[in-house]
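> below is the sequence, then the predicted model.
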Number of protein chains: 2
Amino acid sequence: MRLLPSLKQLEYLTALAETEHFGKAAELCNVTPSTLSAGIRELEDLLGVAIAERTKRVVLMTELGREIARRANAMIRDAEDLMGVATAHKEPMTGDMVLGVIPTIGPFLLPRVLPRLGAAYPDLRIFLREERTAELLSRLRAGHIDAALIALPFDTEGLASRTLFDDGFLFACLPDHPLAERPAITDADLAAQPLLLLEEGHCLRGHALNACRLAGSAARVQFEATSIHTLVQMVAAGIGVTLLPEMAVAANIAAGTDIRLLPLADAAVRHIGLVWRRASPRVKEFELLADMIAEHHADSEIG
Amino acid sequence: MRLLPSLKQLEYLTALAETEHFGKAAELCNVTPSTLSAGIRELEDLLGVAIAERTKRVVLMTELGREIARRANAMIRDAEDLMGVATAHKEPMTGDMVLGVIPTIGPFLLPRVLPRLGAAYPDLRIFLREERTAELLSRLRAGHIDAALIALPFDTEGLASRTLFDDGFLFACLPDHPLAERPAITDADLAAQPLLLLEEGHCLRGHALNACRLAGSAARVQFEATSIHTLVQMVAAGIGVTLLPEMAVAANIAAGTDIRLLPLADAAVRHIGLVWRRASPRVKEFELLADMIAEHHADSEIG
DNA sequence: ATTATTATTCGGTTTAATCGAATAATTGGA
DNA sequence: TCCAATTATTCGATTAAACCGAATAATAAT
C-alpha cells in the first residue's frame, strides 16, 4: 500500500510554515526542536522534495512547501472536525459554540432568542461575534466561528445555509413628510425619494435598495450612517427618510421618536438565514438552532 | 495540544466500513486482524463513541461510524493528493493520467491532439475514458479520473474548469431540402424544422437545442440517435435534418455523403472546456494540457 | 574574534505498533 | 442439541518509531 505522511508530521509542517522557526514551531507542537527537525526531514524524504531552504540560519519555506502546508492545514482541520462529529454526537448542544451575527440582526433578534436558547440547552455556551457579512463568512470558512446569522441573498459559495424567516421593510419618515399620510408606499414614491442608508459594507444597504428596485441608482443616496440606530436618529432629526427592517421596528428602535412607519405596497424582504461550513461537525446542532430561531420568530409574530 | 486520530487508524476505519469484515479489512491494509482490531478500538476510545456494533459475529457499522468513515475517506484522498503535489512538482507531465472525454468531442479532437501530446511529453501515459458528462463528473469527483474534456455550459459545481475554445454548429440536410440553397439558416428557419437529435443524456442534445433557442420545444424532436455518426447516417438517408458540431465536420464526419452543411445566421456555440477537482495535485499540468489543446485548435483553424 | 542563536546529529529511553498464537463468541449445519 | 467452522479479540513478545537531552555545527551579530 502507498505510504502516507502522518498527521503529526503535517502538524509539524504547518507550525513551521506559520513560524518559519524550528524552535518556535517545536514549542507550538510541544516537542523539542530536534523532534520537529526529524519530523520535517522525514516528510521531505517521503515527499522527495525540499520543503524549507535552510542554507543560512534563517528558515525559508519553499513555494511548494507553502502549498503543501496549506493542504496540511486543511487536513488537520478536517481531522478536528472528525473528532467534533463524535463529541457533537455524544452530547449535542453542549460545550462552546461561536456564533457570528451581522449588526443589523444581532441587537434585534438575539436579546429575545438567547434566553430561550440558554433555558433549552443549559450546557451550551454561546460566544457571539458581531461583524459584517463578508468578514463573518471569511471567518466561518477559516473555522474561527461555527455558524453565522446573516441576511440573504449573499454569496455563500461552498457553505450550507438555511433560511429561517423573512424580514420585511418599513418606510420611515417624520409626520410632516409629504408621504406621511399615505396608506402604503409604492416603488414610484421611493424612486423620487433620496434615501438615507448605511455605509458601504453593510448588506442591509444593498437589500434595502433592492427592496425598492433601486439597485443601480446609488446616486440617489444622500447620507450614510454607521448603524441602524444612527439612521433612526437622522430620520428623527428631519435629515431624510429611510427603510427600516421590520425586525428592528419590532424591537422598538423608533420608540421615543415621532417617526411614522409606513408599509411598502410591493412587499420586499431580506431572508434571515443561518450559514455554516458544509463539513462542520455540528450540522445537526445547527438544524436544531435554526428550528429554535424560526419557531421563536413565528411565536413572536403572533404575540 | 488536542489529540488527533492517526491516518493509519482512519485507513483501518475506511477498510472496515468498506468490507464490514475485520479479516478482509485487515488484508486490505496488509496487517493482521488483531492489529486492525486494536486500531479500531483505539479510535473508538479516542472518539468516545462506538463505530461498529459487533455483538454478534457479523460487523455492523454505526450510522455515526459511516459518517466518520466518509470523512476519513476524504482525508485519505487529501493525503494522497498532497503526496501527488510533490511528485507532480518533481516531474511534471510524467506518469499516468486518466482523462475523461465525452463521445461528442473525443473522436474528433483527440486523434489529432494525442500524437502532439505524446511527442511533447514522452513520459506521460494518457488513459482515456469515454462517458457522458454526468458520469464523467461523478467519476472526477470520486477521484477515478484526473480531468475531463466536456462541453460547457454544464453544472460543474465544486470543480475547476477552463474554456479551451468554442465549437459552433452547422445545419446539415440533403441537397433536395427546401433550405439547402440558403446562404445561412436563421432561428426562424430552425423553429419550423423537426430536428434529429442525440438521445437523452448527451449534452450535445441540449447544446444544439440551445443553439437555436429551442430549449423548451423538445416536442419538435423527431427521432433520437445514439451517436453523431448515426445522426449523420440518418440525415444522409433522408430521414431528417440536424445540427452538427463544427468539430465533427472538420473531422470529415460527413465525407462520403452528399450532405449539405450550412452556417447558422445567429452564431451559437458550445464551449469546449477542461475540468478538474479544485484540490487536484496536478493543477499545473492541467494548465499545460489546456494550453496545448487550445493552441492545437488555434493552429488547425488556420491550416 | 567572540558570543549568541539556532538547526541538526547522536545515543539512549520510552512509547507505540504489530505479530502470532491462543481464546472466546457466534453461527450453521449434522 | 452439539459440533465444527468462522471470526473478532486478548495476550505476551518483538520490533519499530517517536522523542528527549546533550553535544555539535553553522551562522549572524557585536
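All right, it came through fine.
> for A:Leu231, which non-adjacent residue is closest in space?
If the residues on either side of it in the chain are set aside, A:Leu231 comes closest to A:Ala225, at 4.3 Å by Cβ to Cβ, 6 or more residues apart in numbering or on different chains. In this view, the C-beta of every residue, glycine as well, is placed from N, C-alpha and C.
> nope, A:Asp96 is what I was after
Nearest residue to A:Asp96 in three dimensions, chain neighbours excluded: A:Arg125, at 5.0 Å (Cβ to Cβ, 6+ apart).
> can you name the residue of the stretch 151-300 of chain A nearest to DNA strand C?
Minimum separation of the stretch 151-300 of chain A from DNA strand C (Cβ to the nearest atom of the strand) falls at A:Pro281, amounting to 22.6 Å.
> one more: the stretch 51-200 of chain A?
When distances are taken as Cβ to the nearest atom of the strand, the stretch 51-200 of chain A reaches nearest to DNA strand C at A:Arg54, 4.3 Å away.
> got a list of what that residue touches?
A:Leu60 (Cβ atoms under 8 Å, 6 or more residues apart in numbering or on different chains).
> please report how far it lies from A:Glu20.
Distance of A:Arg54 to A:Glu20, given as Cβ to Cβ, to the nearest Å: 10 Å.
> ok, now A:Arg141?
Using Cβ to Cβ, A:Arg141 is found at 24 Å from A:Glu20.
> and for A:Ala72?
As defined by Cβ to Cβ, A:Ala72 lies at a distance of 15 Å from A:Glu20.
> ditto for A:Leu170
54 Å.
> burial measure for the residue nearest to A:Asp96, as a count.
The number of residues packed near A:Arg125 is 12, by other Cβ atoms under 10 Å in any protein chain shown.
> right, and it touches A:Gly95 too?
Yes. The pair A:Arg125 / A:Gly95 is scored as a contact, 7.0 Å apart, by Cβ atoms under 8 Å.
> OK, contacts around A:Val241?
With Cβ under 8 Å, 6+ apart, A:Val241 has these contacts: A:171-173, A:177, A:179, A:193, A:195-196, A:235.
> run the last query once more with 7 Å
A:171-173, A:177, A:193, A:195-196, A:235 (Cβ atoms under 7 Å, 6 or more residues apart in numbering or on different chains).
> quick check on it: phi, psi?
With angles defined as degrees, to the nearest 10, A:Val241 sits at phi -120, psi 170.
> and the gap between it and B:Leu3?
For A:Val241, the distance to B:Leu3 (Cβ to Cβ) stands at 58 Å.
> try A:Ile185
60 Å.
> looking at the two, which has the bigger crowd around it?
Comparing A:Ile185 with B:Leu3 by other Cβ under 10 Å, the one with more neighbours is A:Ile185, at 22 against 8.
> separation between the closest residue to the residue of the stretch 151-300 of chain A closest to DNA strand C other than its chain neighbours and DNA strand D?
Leaving aside its chain neighbours, A:Pro281 sits nearest to A:Gly84 (3.0 Å; criterion: Cβ to Cβ, 6+ apart). From A:Gly84 across to DNA strand D, the span is 22 Å (Cβ to the nearest atom of the strand, to the nearest Å).
> next one: phi and psi at A:Gly84?
Dihedral pair for A:Gly84: phi -60, psi -40, per degrees, to the nearest 10.
> how many neighbours does it have?
Look at A:Gly84: counted by other Cβ under 10 Å, it has 17 neighbours.
> ok, longest strand in chain A?
In chain A, taking DSSP state E as the definition, the longest strand is strand A:159-173.
> so what's A:Ile126 bridging to?
A:Met97 (DSSP bridges).
> pLDDT wise, what is it at?
Per-residue confidence at A:Ile126 stands at 94 (pLDDT).
> quick one: low-confidence parts of the stretch 101-250 of chain A?
Along the stretch 101-250 of chain A, the model assigns pLDDT under 70 to residues A:213-222.
> look up phi and psi at the residue in it positioned nearest to chain B.
Residue of the stretch 101-250 of chain A nearest chain B, by Cβ to the nearest Cβ: A:Gly158 (7.8 Å). When quoted as degrees, to the nearest 10, the phi and psi of A:Gly158 stand at phi 80, psi 0.
> of the contacts of A:Val241 - the most surrounded one?
A:Ala172 (27 neighbours).
> that one and A:Pro263 touch, don't they?
No. Counting by Cβ atoms under 7 Å, A:Ala172 stays clear of A:Pro263, with 11.4 Å between them.
> doesn't A:Leu10 fall inside a helix?
Yes. Under DSSP: H, G, I helix; E, B strand; the rest coil, A:Leu10 falls within a helix.
> do you know how far it is from B:Met83?
11 Å.
> what about those two, which has more around it?
Neighbour tally, A:Leu10 and B:Met83, criterion other Cβ under 10 Å: the higher count belongs to A:Leu10, 26 against 19.
> contacts only, for the residue lying closest to the more buried one once chain neighbours are set aside.
Sequence neighbours aside, A:Ala72 is the residue nearest to A:Leu10 in space, at 3.8 Å (criterion: Cβ to Cβ, 6+ apart). By Cβ under 7 Å, 6+ apart, A:Ala72 lies in contact with A:10, A:13-14, B:82.
> quick one, grab the pLDDT at A:Ala72.
Among the per-residue scores, A:Ala72 holds a pLDDT of 95.
> surely it is within a helix?
Yes. Counting by three-state DSSP, one finds A:Ala72 located in a helix.
> in the stretch 1-150 of chain A, which spans are strands?
Ranges of strands in the stretch 1-150 of chain A, per DSSP state E, counting those that start in this stretch, are A:52-53, A:60-61, A:95-101, A:124-130, A:147-152.
> of the ones you listed, which stretch is the most buried?
strand A:147-152 (a mean of 24; mean count of other Cβ atoms under 10 Å in any protein chain shown).
> list the strands paired with that strand, with their directions.
The strands beside strand A:147-152 in its sheet (DSSP bridges) come out as strand A:95-101 (parallel), strand A:269-277 (antiparallel).
> to B:Asn30, which of the ones you listed lies closest?
Among those, strand A:269-277 comes nearest to B:Asn30, with 34.6 Å by Cβ to Cβ.
> after the closest one comes which helix or strand?
helix A:283-302 (DSSP states H and E).
> keeping just the C-alphas, turn that next one into CSV.
C-alpha atoms of helix A:283-302 as CSV (Å, rounded to 0.1, in the frame of the first residue of the first chain):
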residue,chain,number,x,y,z
VAL,A,283,-24.6,20.3,11.4
LYS,A,284,-27.2,18.5,13.4
GLU,A,285,-27.0,21.1,16.1
PHE,A,286,-27.3,23.9,13.6
GLU,A,287,-30.5,22.4,12.4
LEU,A,288,-31.8,22.4,16.0
LEU,A,289,-30.6,26.0,16.4
ALA,A,290,-32.3,27.0,13.2
ASP,A,291,-35.5,25.4,14.3
MET,A,292,-35.5,27.2,17.5
ILE,A,293,-34.9,30.6,16.0
ALA,A,294,-37.5,30.1,13.3
GLU,A,295,-40.1,28.9,15.9
HIS,A,296,-39.2,31.9,18.1
HIS,A,297,-39.9,34.2,15.3
ALA,A,298,-43.2,32.5,14.4
ASP,A,299,-44.3,32.8,18.0
SER,A,300,-43.4,36.5,18.3
GLU,A,301,-45.3,37.2,15.0
ILE,A,302,-48.5,36.1,16.7
